[in-house]
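Peer 1: here is the input, now give the coordinates:
(one chain, ligands or ions: 1)
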Amino acid sequence: MEGMTNSAVALADTAAYAAAVEEASRAAAAYYATGESALDDDAYDRLARGIAAYEEAHPQEVLADSPTGKVAGGTAVGDVPHTVPMLSLDNVFSAEQFATWTASLERRIGRPVAAWSVEPKLDGLAVAARYREGRLERLITRGDGTAGEDVSHAIGTVVGLPAELAEPVTIELRGEILMTAEQFERANTARTAHGGAPFANARNGAAGTLRAKDRAYTVEMTFFAYGVVALPDSGETATALAELPHGETLTYAAGLGVHTAGETVVAPRTLATVEEVQARIEEIASLRASLSFGIDGIVIKADLAADRRDAGSGSRAPRWAIAYKLPAVEKVTRLLGVEWNVGRTGIIAPRAVLEPVEIDGSTVGYATLHNPADITRRDLRVGDHVMVYKAGDIIPRIEAPVAHLRTGEEQPIAFPESCPQCGSEIDTSEQRWRCVRGRDCRLVASVSYAAGRDQLDIEGLGATRVVQLVDAGLVKDFADLFALEREQLLALERMGETSTDNLLTAIDAARRQPLSRVFCALGVRGTGRSMSRRIARYFADMDRIRAADAEALQRVDGIGKEKAAAVVAELVELAPLIDKLVAAGLTMTEPGATPPPEPGEEGAEGADGTADGAAGGETGSAGGADAGPLDGMTVVVTGAMTGALEKLSRNQMNELIERAGGRSSSSVSKRTTLLVAGEKAGSKRAKAEDLGVRISGPEEFAALVAAFLPDAV
Ligand code: IVH
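Peer 2: Numbers count the residues shown, from 1 in each chain. Okay, here's the model as predicted:
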């Protein structure tokens with residue numbers, strides 16, 4: 001605060017002084033209560049300096065509620081000294097800068113760094129948690145690094161920071177307190193329910209919550225430890241700790257019952273070479289969007305105590321560690337308006353129109369808004385400054401309005417009173433609003449979807465044709481396609497003999513599409529291509545799918561309680577359409593799939609003699625299928641396919657995998673058993689290599705599943 005006294009608010013008289021005290025107290029109160037003050041940091045500092053100057057000149061006028069002593073005087077908050085300074089980190093922003101840094105560190109210690117520890121840089125607030133004989137005694141913020149604020153009142157609201165450790169040690173844990181995405185959501189729900197303004201992002205939420213005392217409600221946060229330091233009376237533990245490699249320090253903390261990043265996909269790793277470190281940096285960067293907590297970089301540390309000791313520390317940051325910063329994925333922009341779009345199933349979904357903003361290498365102009373209740377809950381208004389998040393290929397989303405930037409000019413978001421597509425009434429009984437005409441509202445869209453390449457694959461039936469058919473009153477649902485007559489088509493504009501015959505042939509061919517595609521064509525909410533295949537393979541025929549209750553549906557891999565109930569309800573709704581499709585002669589069975597055992601047969605230990613052991617088993621994916629070469633395997637495809645597989649779309653590749661008994665997936669994880677990597681395979685291949693997942697080329701894979709290849713190819 002000193003050294004900048006030239007920029008202070010000038011206070012001319014007692015009245016101006018009193019007004020300034022009031023404004024500063026209000027801002028300070030808001031800051032401590034919510035983390036968001038009406039004044040930005042700089043404006044607050046100028047005001048506080050003006051007050052201090054006035055008080056110095058008029059000591060007899062000092063008001064009791066002047067904030068000066070409390071903030072700058074250093075007597076009230078923020079004055080618990082740290083035993084060992086809480087240092088910051090130096091930053092690098094590219095692979096080159098990182099290489100330069102490692103080289104200079106190795107020059108300094110005169111040898112290569114023996115091992116590196118690589119972990120996420122957690123985007124929260126640094127705290128020190130003091131444990132005496134295993135009991136959590138005090139929680140202190142980083143403050144200025146030498147002394148911090150006592151925030152022990154937050155003890156008990158922080159997940160991962162136990163009141164008692166597994167061993168009665170006297171140590172200090174250092175780490176970051178943050179809100180996970182879920183905690184952030186819950187915090188904002190609680191705040192708005194209590195009439196407060198939502199937090200703009202998880203970090204602000206954690207900052208505000210950590211400082212807030214005496215709130216009418218509590219919100220939960222999460223602690224991640226990244227270091228352990230000895231306290232003056234740590235005894236033998238101190239000596240032992242000083243010698244531990246960094247990686248083992250974290251394992252030790254986890255063993256005491258403290259939360260670390262150890263159980264996440266970005267878990268700290270000890271690596272030997274700078275190349276390995278660089279690969280892991282890229283991997284963590286690519287995993288960022290999938291994490292439920294915010295990271296703003298990767299921290300790389302020399303793992304061994306000897307290397308750290310020889311490197312030493314500067315006054316601001318250690319020389320043995322560096323933060324590799326990732327680009328910002330959050331930006332503030334303006335909410336210009338909201339569009340309401342009607343989806344294929346009649347769902348009316350809001351979409352935010354934003355003032356275009358550059359985030360993480362791309363321009364963001366729209367963001368999803370889920371549903372009207374969500375808009376209300378988050379108290380969004382047109383004209384608001386909003387915090388927008390985007391990472392990787394995730395659809396951008398609005399975190400929250402930046403409430404303290406409101407001018408009063410913001411307008412409420414208008415909800416549609418009738419369906420924006422067809423003008424019918426809106427069914428608002430569920431969170432997601434829906435046109436009462438349901439999929440009829442988007443008849444053209446739903447018929448086009450059903451005829452699409454990954455569903456019935458009816459060539460020559462593009463959207464323009466569908467519009468013609470719908471306008472002519474020939475098609476009221478996609479089953480009507482199968483009743484179309486030659487003369488009816490010929491009577492349409494731009495329909496000659498050849499195109500008519502071609503279209504009729506294509507429609508007829510669709511009768512032979514397997515059940516999985518017919519089911520997918522129904523457009524049941526929450527069942528896309530791969531889920532449709534799983535359902536079709538599990539139940540093997542349409543009658544069994546229709547007879548299934550929610551409990552039976554849940555045996556299909558990936559179907560939870562909620563989805564099962566929704567699918568059952570929707571199939572009831574679709575019954576007339578399905579009846580029409582059956583009557584039109586469409587395929588209602590899934591080739592190669594064996595039905596699951598009838599109820600009551602499950603426990604009969606193979607008594608039925610038809611189903612193999614896998615039928616009705618836990619995976620469900622290959623539930624009713626005969627054993628194939630990919631039985632029990634989870635397969636991911638990446639890169640361009642060649643040879644026998646060259647012409648297959650990704651969807652057809654997934655169909656092939658599932659016909660051969662496997663489960664197809666789009667992302668590589670620990671559960672992946674095989675990666676089929678074609679040309680130009682990128683990050684998925686790197687990840688599979690890292691996880692030790694088996695990798696095969698298109699030729700090798702084609703040979704493995706040769707018996708299941710479609711005839712057409
Ligand atoms: S080590 C002496 N590890 O980033 C070593 N810090 O920008 C100091 N941070 O003050 C810190 N994740 O609050 C370390 N895995 C991590 C971290 C981490 C987040 C924070 C920490 C530090 C700040 C520096």
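Peer 1: okay, now the unreliable bits of the stretch 451-600 of the chain?
Peer 2: For the stretch 451-600 of the chain, applying pLDDT under 70 flags the ranges 599-600.
Peer 1: can you pull out the helices in it?
Peer 2: Ranges of helices in the stretch 451-600 of the chain, per DSSP state H, counting those that start in this stretch, are 463-471, 486-490, 497-510, 515-521, 529-539, 542-547, 550-553, 561-573, 575-583.
Peer 1: swap in the stretch 201-350 of the chain?
Peer 2: Going by DSSP H, counting those that start in this stretch, the stretch 201-350 of the chain shows helices at 202-211, 236-243, 246-255, 274-287, 305-311.
Peer 1: now do the third one: which elements does it pack against?
Peer 2: Read it as helix 246-255. strand 116-122, strand 221-230 (3 or more Cβ pairs under 8 Å, 6 or more residues apart in numbering; DSSP states H and E). C-beta coordinates here come from the backbone N, C-alpha and C atoms, glycine included.
Peer 1: now the angle from the last one to strand 116-122?
Peer 2: For strand 221-230 against strand 116-122, the angle by axes from the mean of the first three to the mean of the last three Cα atoms, to 10 degrees is 140 degrees.
Peer 1: show the average pLDDT along strand 221-230.
Peer 2: What strand 221-230 shows for mean pLDDT is 97.
Peer 1: so does it get close to the ligand?
Peer 2: Yes: using Cβ under 6 Å from any ligand atom, strand 221-230 reaches the ligand at 226-227.
Peer 1: and if you look at stretch 199-206?
Peer 2: No: using Cβ under 6 Å from any ligand atom, stretch 199-206 stays clear of the ligand, with a minimum separation of 11.4 Å.
Peer 1: re earlier: out of the helices of the stretch 451-600 of the chain, flag the one nearest the ligand.
Peer 2: Smallest distance to the ligand across the helices of the stretch 451-600 of the chain (Cβ to the nearest ligand atom): 35.6 Å, for helix 561-573.
Peer 1: how about that closest one: buried residues?
Peer 2: 563-564, 566-568, 570-571 (16 or more other Cβ atoms under 10 Å).
Peer 1: looking at the helices of the stretch 201-350 of the chain, which is buried most?
Peer 2: A comparison of the helices of the stretch 201-350 of the chain by mean neighbour count, using mean count of other Cβ atoms under 10 Å, puts helix 202-211 on top with a mean of 24.
Peer 1: so in the chain, where's the weakest helix or strand by average pLDDT?
Peer 2: Using mean pLDDT, DSSP states H and E, helix 68-71 stands out as the lowest-scoring helix or strand of the chain, at a mean of 54.
Peer 1: quick one: closest of the helices of the stretch 451-600 of the chain to Ser418.
Peer 2: helix 463-471 (20.7 Å; Cβ to Cβ).
Peer 1: what's in contact with that closest one?
Peer 2: Residues outside helix 463-471 that contact it (Cβ atoms under 8 Å, 6 or more residues apart in numbering): 443-444, 447-448, 451, 475, 481, 484, 492-493, 503.
Peer 1: for whichever residue of the stretch 501-650 of the chain sits closest to the ligand, what are phi and psi?
Peer 2: Taking Cβ to the nearest ligand atom, the ligand has its nearest neighbour within the stretch 501-650 of the chain at Val636, 29.9 Å off. In terms of degrees, to the nearest 10, the main-chain angles of Val636 are phi -120, psi 140.
Peer 1: where exactly do the strands run in the stretch 1-150 of the chain?
Peer 2: 80-81, 91-92, 116-122, 125-132, 135-141, 147-148 (DSSP state E, counting those that start in this stretch).
Peer 1: please identify the deepest-packed of those strands.
Peer 2: Neighbour counts (mean count of other Cβ under 10 Å) averaged over each of the strands of the stretch 1-150 of the chain peak at strand 116-122, with a mean of 24.
Peer 1: report the buried residues of the helix or strand that contains Ala367.
Peer 2: Element membership for Ala367, per DSSP states H and E: strand 362-368. For strand 362-368, a neighbour-count test (16+ other Cβ under 10 Å) marks 364, 367 as buried.
Peer 1: for the record, mean pLDDT for it?
Peer 2: 92.
Peer 1: would you turn the helices and strands packed on helix 246-255 into TSV with distance to Ser313?
Peer 2: Converted to TSV, the helices and strands packed on helix 246-255 look like this (distance: least, Cβ to Cβ, whole Å):
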stretch	distance to Ser313
strand 116-122	16
strand 221-230	13
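Peer 1: of all those strands, which one is nearest Glu106?
Peer 2: Of all the helices and strands packed on helix 246-255, strand 116-122 comes closest under Cβ to Cβ, at 11.2 Å.
Peer 1: for the closest one, enumerate the helices and strands it packs against.
Peer 2: By 3+ Cβ pairs under 8 Å, 6+ apart, strand 116-122 packs against strand 171-178, strand 221-230, helix 246-255, strand 269-271, helix 274-287, strand 295-302, strand 321-325.
Peer 1: tell me the strands beside that strand, with direction?
Peer 2: Looking at strand 116-122 with DSSP bridges, its partner strands are strand 269-271 (antiparallel), strand 295-302 (antiparallel).
Peer 1: ok, which of the ones you listed comes nearest the ligand?
Peer 2: Closest approach to the ligand among the strands paired with strand 116-122 (Cβ to the nearest ligand atom): strand 295-302, 4.1 Å.
Peer 1: show residues contacting the closest one.
Peer 2: 89, 91, 98, 105, 113-123, 226, 246, 266, 277, 280-281, 284-285, 288, 308, 311, 320-326, 328.
Peer 1: put the alpha carbons of that strand into CSV.
Peer 2: C-alpha atoms of strand 295-302 as CSV (Å, rounded to 0.1, in the frame of the first residue of the first chain):
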residue,chain,number,x,y,z
ILE,A,295,-6.7,-25.8,-13.7
ASP,A,296,-4.8,-22.9,-15.2
GLY,A,297,-1.6,-24.7,-15.9
ILE,A,298,0.8,-27.5,-15.1
VAL,A,299,3.4,-27.4,-12.3
ILE,A,300,6.7,-29.1,-12.9
LYS,A,301,8.9,-29.7,-9.9
ALA,A,302,12.3,-31.3,-9.4
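Peer 1: who in the stretch 151-300 of the chain is up against the ligand?
Peer 2: Residues of the stretch 151-300 of the chain lying near the ligand (Cβ under 6 Å from any ligand atom): 176, 226-227, 299.
Peer 1: one step back: columns distance to the ligand on top of the helices of the stretch 451-600 of the chain, output as JSON lines?
Peer 2: Output for these, formatted as JSON lines (distance: least, Cβ to the nearest ligand atom, whole Å):
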{"stretch": "helix 463-471", "distance to the ligand": "50"}
{"stretch": "helix 486-490", "distance to the ligand": "66"}
{"stretch": "helix 497-510", "distance to the ligand": "55"}
{"stretch": "helix 515-521", "distance to the ligand": "44"}
{"stretch": "helix 529-539", "distance to the ligand": "37"}
{"stretch": "helix 542-547", "distance to the ligand": "49"}
{"stretch": "helix 550-553", "distance to the ligand": "43"}
{"stretch": "helix 561-573", "distance to the ligand": "36"}
{"stretch": "helix 575-583", "distance to the ligand": "54"}
